[in-house]
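Participant: missing the sequence, but the structure's below:
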């Protein structure tokens with residue numbers, strides 16, 4: 001999940017255990033313009049919240065890679081197996097993405113410019129990641145000689161499938177990180193990028209059709225809740241079923257964008273937090289997260305705590321953490337011979353992933369984003 005400073009993030013596939021209100025139509029005016037300026041000045045917690053979401057993905061994956069199962073993951077145990085903390089991190093990413101990507105459309109001058117900005121947020125960083133993993137990490141671990149590795153059709157499949165955002169785990173030739181079920185998975189965090197991109201296309205089409213409105217966003221939240229409730233019935237629907245399962249989280253952020261500042265209230269945030277706790281107790285945590293979690297995420301993101309500023313001083317590291325976290329964890333597990341406990345794997349991998357994410361942000365992502373930023377001009381959109 002990624003916006004203008006966004007995050008197109010991803011965790012391992014879900015377990016089957018299964019603005020103030022505008023006086024005018026939407027454009028770069030008034031409160032919205034101030035909010036966009038605030039985002040760029042980082043007087044908020046967006047980067048900090050996304051950093052924590054990405055770290056939660058690495059946290060949960062540490063159990064799967066070290067132990068071959070997420071059954072002992074803390075949040076899974078706390079919620080009675082409903083979900084893992086890393087998947088909650090994905091919900092956070094999609095919610096923030098819905099909020100910021102909607103704002104990006106409303107302040108961008110053309111459909112082409114919007115599409116360019118969205119593509120520049122996801123693909124350059126991803127392409128470099130694939131080159132690093134496929135041409136550096138893979139040969140170092142593969143049991144095949146370098147010549148055979150480079151000539152193997154599996155390497156071309158790895159690049160093609162991931163460049164096309166195919167939601168499949170394509171192994172690298174001769175690469176086996178460990179002996180458990182996750183041992184051949186090169187990057188189990190890339191599956192959500194496909195659906196993140198689908199959400200971007202949805203926002204673009206809604207905007208062009210004049211349907212980027214509050215009531216449509218609320219309807220999409222309802223569709224998402226229904227998609228979670230009817231999850232089993234949607235398993236044969238492919239990408240459409242996955243979109244329906246994820247759209248509620250993204251649409252929750254879209255909804256908060258249209259509701260504006262007047263709806264952000266500490267008492268409502270407290271009620272939302274209580275709602276999350278109760279929903280976990282009732283075993284409907286995932287289903288009701290778009291309602292309670294969606295509100296709470298944007299409330300916390302739009303707030304500003306100086307104590308969290310250190311998490312954003314190096315830039316928006318969340319995307320880099322997300323796409324490098326898994327392969328780094330796999331490499332650390334392989335280098336240790338599988339002897340590390342989950343917490344050791346997590347701490348070592350998080351530190352290395354921060355270094356990789358910093359290099360990705362300053363070496364690739366920040367420069368790519370600058371190509372997509374121009375003076376904002378109003379795009380057509382419907383009223384709320």
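Facilitator: Done, it's in. If you're wondering where the values come from, they're calculated on a predicted model, not measured in any experiment.

Participant: Three-state assignment for residue 315, please.
Facilitator: Following DSSP: H, G, I helix; E, B strand; the rest coil, the label given to residue 315 is coil.

Participant: I'd say it and residue 362 touch.
Facilitator: Yes. In this structure, residue 315 is within contact of residue 362 by CB atoms under 8 Å, at 6.4 Å. In this view, the C-beta of every residue, glycine as well, is placed from N, C-alpha and C.

Participant: tell me which residues are up against the helix or strand where residue 354 lies.
Facilitator: Element membership for residue 354 (DSSP states H and E) is helix 342-360. Applying CB atoms under 8 Å, 6 or more residues apart in numbering, the contact partners of helix 342-360 are 54-55, 58-59, 62-63, 65-67, 72, 125, 128-129, 314-315, 317-321, 323-325, 328-329, 332-333, 336, 340.

Participant: pull out the buried positions in the very next helix or strand once past that helix.
Facilitator: Where DSSP H and E defines the elements, the next helix or strand beyond helix 342-360 is helix 366-372. For helix 366-372, the buried set under the neighbour-count rule, 16 or more other CB atoms under 10 Å, comprises 368, 369, 372.

Participant: now the first one, nearest residue through space, not along the chain?
Facilitator: Taking CB to CB, 6 or more residues apart in numbering, and ignoring the residues beside it in sequence, residue 368 has residue 124 as its nearest neighbour in space, at 4.0 Å.

Participant: gap between the one you found and residue 359?
Facilitator: 13 Å (CB to CB, to the nearest Å).

Participant: local confidence estimate at residue 16?
Facilitator: At residue 16, the model reports a pLDDT of 39.

Participant: residue 196 reaches residue 123, doesn't it?
Facilitator: No. Taking contacts as CB under 8 Å, residue 196 lies outside contact range of residue 123: 11.5 Å.

Participant: so which of the two has more stuff around it?
Facilitator: Neighbour count, other CB atoms under 10 Å: between residue 196 and residue 123, residue 196 has more, with 27 against 16.

Participant: is that one in a helix, a strand, or coil?
Facilitator: helix.

Participant: now do the same contact list for residue 227.
Facilitator: 234, 241, 243, 244, 245, 246, 247, 248.

Participant: what strand or helix carries the second one?
Facilitator: I take that to be residue 241. helix 239-259.

Participant: buried residues in that helix, which are they?
Facilitator: Buried, per 16+ other CB under 10 Å, within helix 239-259: 241-259.

Participant: next one: stretch 336-349
Facilitator: 338, 340, 342, 345, 346, 348, 349.

Participant: what do you get for stretch 113-121?
Facilitator: 113, 114, 117, 118, 120, 121.

Participant: centre of the chain to the one helix or strand residue 55 maps to, how far?
Facilitator: Element membership for residue 55, per DSSP H and E: helix 46-67. Counting by CA atoms, centre = their mean, to the nearest Å, helix 46-67 is centred 11 Å from the centre of its parent chain.
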